[in-house]
Structure formats: structure tokens, C-alpha cells
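A.B. asks: Okay, predicted coordinates and the sequence, questions at the end:
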Amino acid sequence: MLRKSVFEVFTLLFAFFMIGCGDVNESGKDEKTNVVFAAPKSNVKISRETKQMIDAAVSDYFSNFNSEISDGQDGDDSYIITHDGKTMRFFMEKKGSPNKDGKYPLYITLHGGGGTASEINDDQWRQMFSYYKDSVENGIYIACRGITDTWDLHFQKDSYVLYDRLIKNMIANYNADPNRVYLLGFSAGGDGVYQILPRMADRFAAGNMSSGHPNGVKLINLANCPISIQVGVRDYYSRSAMRSVRAAEFEKTLTEYADALELPYEHRILVHVPAGHNYVDYDTSVKSQVLKNPTSFADKGEKMLDEFIAVLEKNENVQGYDDGDKISRMSYLQLTDDNFNREITNVVTRDNKLAVKKVNPDAVTYVSKFTRNPLPKKIVWDLETRPESQKSFYWLQADSSVNKGTIAAEINSKKNEIYVETEDVNGDFYILISPYMLDVSKPIQLVTPDGNFSTTVELSQELIKESLQDRGDPNLIYVAKIKCTAN
């Protein structure tokens, strides 16, 4: 069971706040290959009948999959994904070789800009197509164009549906490995990662957020999805936004989640010194100076802002200095002025006694270490932090109208039981049963704070097809489900 009730933790923490699949070759043309999807790792014995039902559904799904991807505008080498009348443009390039199963990791990247003219956002999009790409040795590299030009261009309501469909199409037609899908973004793209990753954590193996603002998002859903958060120490943006401080605060938050719930919450927080909004997070050969203890900066960050401004005011001759919005200028100045950088560093290390260290900040290297576990034993689902279109999260399912409260659940395959706890959930939900989780031929024990219940399940061919259509991922096929009524 979970060591401490997840809801005790909320109180503590929030108090302070196969089939013929397509491939893409170097020229972008589709070519057929024969990729067989391996079943999730499991110690549970699967019956021949169950395996045959799953294999038949998988074969039918991929044999009849209709691609939603088409060529983009003439001359720009882009692609378009279209679903239900909504579109998203993206660039794509396959690099290197697949693994022994014929599959490639998939890197989805999000550009900066937002809140500006379309041509500026287009330029940022083109830059993102090369930004992280050199660090990818083997994989499919995609740069998505935000679907609007607003500041939140990467996380509009329709954005989530299109990311989901993009991943489905990459799995079906381009040999993407569903267990090695990664999300990376810079600036406005970092804003996007903050919002997308916790809402779609079951889709990704890991993510990297650089220079974005969390805008109040909670990361409780990232129990099984590692995240790298990067920010420049003087990248405040404004006195209310405190972008660098908000990033540093997640060190304490995620560590406390992990300790209290005995869940991974794998993360790294890199606060670059003396950087502002821009720094290198895309080079495998670089060693960057970052804070050893981001939490110490989070505690002192508000006071340090005025100290950084004082340094800026002393250096009126630095390129780009503007006596208007000093906090914004300090955040965005890209300086090679040795004296300015030295004084900023002194504020950090000498005046505030914050230790630094050298690390390689390459985002692709970090995320590539991780492979998704599609059926984690323990999950936490904050129902408010999900797209309206998403009905399932790992092996839990709830209608979109069930959008309040939290579910914590844990599988014990040896005892063939599931522990479930809820708080303030505003409707019924379901536990989706994979034959790789539990022995579906035996009674399943449901353990709750209100008592223990035993139930048997019947295999459903309809649910197998439904879950495959919904997720497009053979790892997320379910054969039965148990209805739960929230307290």
C-alpha cells in the first residue's frame, strides 16, 4: 500500500502553495516494415485465449489504421496532422537506426515565441527543428508548430487531442516506440511541457522543460514520468511570475512527493548561473554551472531579485540595457560581459552562500535514459490536471465530467489485489484490468479504506478494441474493468 495517504501529502505540500507499420526514410517517403510489438514485462501468466484475443485486435487495428498525416505546404518540407477538422503542422526527421525490434524513440519538441506575430512564431518553430536535433543519435525528431499565435499556443484545448493523435500515428505508421516518447520545450515550449507532461504523463517516458513558467500547474501526476526542469537564475520575467524561483520550488515539492508516497518522481532541477532566459541545454559536450541546492535559491529568490537588479543598474553600459522594465530586461539579456556575469555570480555564491556545481545539461541525453513503464504498480491521478478529451490515465478511467479530486491506486500482483483511495472525486470511475497486471482467471481483491471486496471479471473483446482505438498503443490494452463509486 501507499506508505502515507496521498491526501495527507496534499495537505502537507499544497499548504505552501504487428503488423504492417509504415516507416519514414530520409526523403520522407513511407515504406512498409514488419514490426512486432512486444508485450509489457510481467510475471503474470497469460492464458492462450487472452493472448489470442489481444493479438487479433492488434492485427486488425494496425492493418486498418488510416494515417492522418499529410504533406505540408509546398516547399517547406513540413507535415500536417488532421483530426476532426483540427490541424497541427510539424517538421520531422528520422535519424540513425532503429533498435532490434525495428522501433525508434520519438522526440517531440515545442518552440518558443507565443503572443506575437505568426511569422515570428514560424521562425521560432523552424529554429526548434534544429535546436535539440544534434543531440539525437537514433530517433524520430519532431518540431510541432503551436496551433495558435497566443502565449499559450502549445496547450490549447485542441492541442492535447492533436499530440495524442500524432503519437498514435507515429506508432502505427513510423515505427515509433510507444515506451520511448519524449517531450522537450524551450520558453513558450517550456510553458507547454509544464502543462502537457502532467496531463498526459502516461504517454511519455520523460520530459524536459526549459525556461518556461508553470502557471500554477501541479506535478502530482508525474509519479512515473521523469522530468528535467531548467531555468536561468536571473530569469524572473516579472516580480509576480518569479519564473526561476517557481522552477526551483519544484525540487522540494517533487522530493516530498517521492518520500511521502514511496513513488519515483524522478527529476532534476538545473538552475543555471549566471544565466537569464537563454543558456545551453542542447549540447552533449558542455559543462554548465548550476546550483547544487535549488531549494536554497527558492527560499532566497525574492530577496535576490533586488540584488540582481542592483547589479544591472551598476552596469548601464551593458549591451541591451533598458531603464524601463528592469526585471524583464535582466531576464532576457544575453550577455558575454565578464564583469556583469561575475557580479551576478557573486550575488549567488558570495553574498547568498549558494554552492554551484558543473553538469552536462543536455536535455536529450537526460530524457533518453528513461523508458516508460506502461503499467506502473502505483499511480496518482489528479483529475483536475488532465485534458478534457482524455478519459484514461494508465489503468484508471473516468468520464470527462469527473474532473475533481484525486485517485491513488496500487497493484499487488502476488495477492491479485488493487488498493484504491480517493478524495473529493465527483463521480464514478473505473479500474482498467490488463492481463499483464493481474490474473484475470481468479477473483480480484479490491482494498479500500471502507473495506475489502472480491470480484471476478469477464474478458471483453469490445473493451480490448475500445482501449486500442482510444490509445493506439498495444501496451495499454485492457480486457476488463471494475467500476468504483467515489466516497
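C.D. replies: Ah, there it is. Residues are numbered from 1 along each chain as shown.
A.B. asks: Which residues outside the host helix or strand of residue 289 are in contact with it?
C.D. replies: In the assignment (DSSP states H and E), residue 289 maps to strand 288-291. Here strand 288-291 makes contact (CB atoms under 8 Å, 6 or more residues apart in numbering) with 233, 248, 270-274, 279-280, 297, 345, 348, 354-361. Where C-beta positions appear, they are placed from N, C-alpha and C, glycine not excepted.
A.B. asks: Make a ChimeraX selection of the buried ones in the residues you listed.
C.D. replies: Applying 16 or more other CB atoms under 10 Å to the contacts of strand 288-291, the buried members can be selected in ChimeraX as follows:
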select :233,248,270,271,272,273,274,279,297,345,348,354,356,359,361
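A.B. asks: Just the contacts of strand 288-291: which are in strands?
C.D. replies: Cross-referencing those against strands under DSSP state E gives 270, 271, 272, 356, 357, 358, 359.
A.B. asks: In the stretch 51-200 of the chain, where is pLDDT below threshold?
C.D. replies: 74-75 (pLDDT under 70).
A.B. asks: what ranges do the helices span in it?
C.D. replies: Ranges of helices within the stretch 51-200 of the chain are 118-131, 157-173, 188-199, based on DSSP state H, counting those that start in this stretch.
A.B. asks: Out of the ones you listed, which one sits most buried?
C.D. replies: helix 188-199 (a mean of 26; mean count of other CB atoms under 10 Å).
A.B. asks: May I have that one exported as CSV, CA atoms only?
C.D. replies: Only the C-alpha atoms of helix 188-199 are listed here, as CSV (Å, rounded to 0.1, in the frame of the first residue of the first chain):
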residue,chain,number,x,y,z
ALA,A,188,6.8,29.1,-24.6
GLY,A,189,7.6,25.5,-25.4
GLY,A,190,8.6,25.1,-21.8
ASP,A,191,5.2,26.5,-20.8
GLY,A,192,3.8,23.8,-22.9
VAL,A,193,5.8,21.0,-21.3
TYR,A,194,4.7,22.1,-17.8
GLN,A,195,1.1,21.8,-18.9
ILE,A,196,1.2,18.8,-21.2
LEU,A,197,3.5,16.4,-19.3
PRO,A,198,1.4,16.0,-16.1
ARG,A,199,-1.8,15.8,-18.1
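A.B. asks: which helices and strands does it pack with?
C.D. replies: strand 104-110, helix 157-173, strand 176-186, strand 206-210 (3 or more CB pairs under 8 Å, 6 or more residues apart in numbering; DSSP states H and E).
A.B. asks: could I get these as JSON lines with distance to residue 303?
C.D. replies: Supplementary listing: those in JSON lines, determined by distance: least, CB to CB, whole Å:
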{"stretch": "strand 104-110", "distance to residue 303": "32"}
{"stretch": "helix 157-173", "distance to residue 303": "37"}
{"stretch": "strand 176-186", "distance to residue 303": "28"}
{"stretch": "strand 206-210", "distance to residue 303": "25"}
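A.B. asks: Can you check which of the ones you listed gets nearest to residue 89?
C.D. replies: helix 157-173 (10.1 Å; CB to CB).
A.B. asks: Check what contacts that closest one and list those residues.
C.D. replies: 21-23, 30, 62, 65, 67-69, 81, 83-84, 86-88, 90, 106, 108, 140, 142, 144, 146-147, 176, 178, 181, 192, 196, 199-200, 203, 387-390, 471-473.
A.B. asks: Can you go through the residues you listed and name the buried ones?
C.D. replies: Buried, going by 16+ other CB under 10 Å: 21-23, 62, 65, 68-69, 81, 83, 88, 90, 106, 108, 140, 142, 144, 146-147, 176, 178, 181, 192, 196, 199-200, 203, 387, 390, 471-473, out of the contacts of helix 157-173.
A.B. asks: among those residues, which are in strands?
C.D. replies: Secondary structure from DSSP E places 21-23, 69, 81, 83, 88, 90, 106, 108, 140, 142, 144, 176, 178, 181 of these in strands.
A.B. asks: who's residue 451 bridged to?
C.D. replies: residue 448 (DSSP bridges).
A.B. asks: what does the model give it for pLDDT?
C.D. replies: pLDDT, residue 451: 92.
A.B. asks: residues near it, how many?
C.D. replies: Neighbourhood size, residue 451 [other CB atoms under 10 Å]: 7.
A.B. asks: host element of residue 50?
C.D. replies: Using DSSP H and E, residue 50 falls within helix 48-63.
A.B. asks: any idea of the mean pLDDT for stretch 281-291?
C.D. replies: 97.
A.B. asks: Which positions within that stretch qualify as buried?
C.D. replies: Using 16+ other CB under 10 Å as the test for burial, stretch 281-291 gives 281, 282, 283, 288, 289, 290, 291.
A.B. asks: Can you convert the residues you listed into TSV and add a column each for distance to residue 308?
C.D. replies: Shown next, in TSV, are the buried residues of stretch 281-291 (distance: CB to CB, whole Å):
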residue	distance to residue 308
281	21
282	25
283	26
288	19
289	16
290	17
291	14
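A.B. asks: Closest to residue 395 out of those?
C.D. replies: Closest to residue 395, out of all of the buried residues of stretch 281-291 and judged by CB to CB, is residue 281, at 33.4 Å.
A.B. asks: how much space between that closest one and residue 292?
C.D. replies: 18 Å (CB to CB, to the nearest Å).
A.B. asks: now do residue 428
C.D. replies: In terms of CB to CB, residue 428 sits 47 Å off from residue 292.
A.B. asks: that older thread, what's the helix holding residue 50 packed up against?
C.D. replies: strand 19-24, helix 461-471.
A.B. asks: Comparing these by mean pLDDT, which bottoms out?
C.D. replies: Across those, strand 19-24 gives the lowest mean pLDDT, at a mean of 39.
A.B. asks: separation between the closest residue to residue 291 other than its chain neighbours and residue 298?
C.D. replies: In this structure, residue 291 finds its nearest non-sequential neighbour in residue 271, 4.3 Å apart by CB to CB, 6 or more residues apart in numbering. Going from residue 271 to residue 298 by CB to CB gives 9 Å.
A.B. asks: Pull up the overlap in contacts between these two.
C.D. replies: With CB under 8 Å, 6+ apart as the test, residue 271 and residue 298 both reach residue 248.
A.B. asks: so where's the stretch 301-450 of the chain uncertain?
C.D. replies: Short version for the stretch 301-450 of the chain, where the test is pLDDT under 70: 316-324, 335.
A.B. asks: Spatially nearest residue to the residue positioned nearest the centre of the chain, not counting backbone neighbours?
C.D. replies: Centroid-nearest residue in the chain: residue 197, 2.6 Å away (criterion: CA atoms, centre = their mean). For residue 197, ignoring the flanking residues on the chain, the nearest one in space by CB to CB, 6+ apart is residue 207 at 4.3 Å.
A.B. asks: burial measure for the one you found, as a count.
C.D. replies: As a burial measure, residue 207 scores 29 neighbours (other CB under 10 Å).
A.B. asks: now it: how far from residue 234?
C.D. replies: 24 Å.
A.B. asks: what distance separates stretch 279-287 from the centre of its chain?
C.D. replies: Its chain's C-alpha centre and that of stretch 279-287 lie 21 Å apart, by CA atoms, centre = their mean, to the nearest Å.
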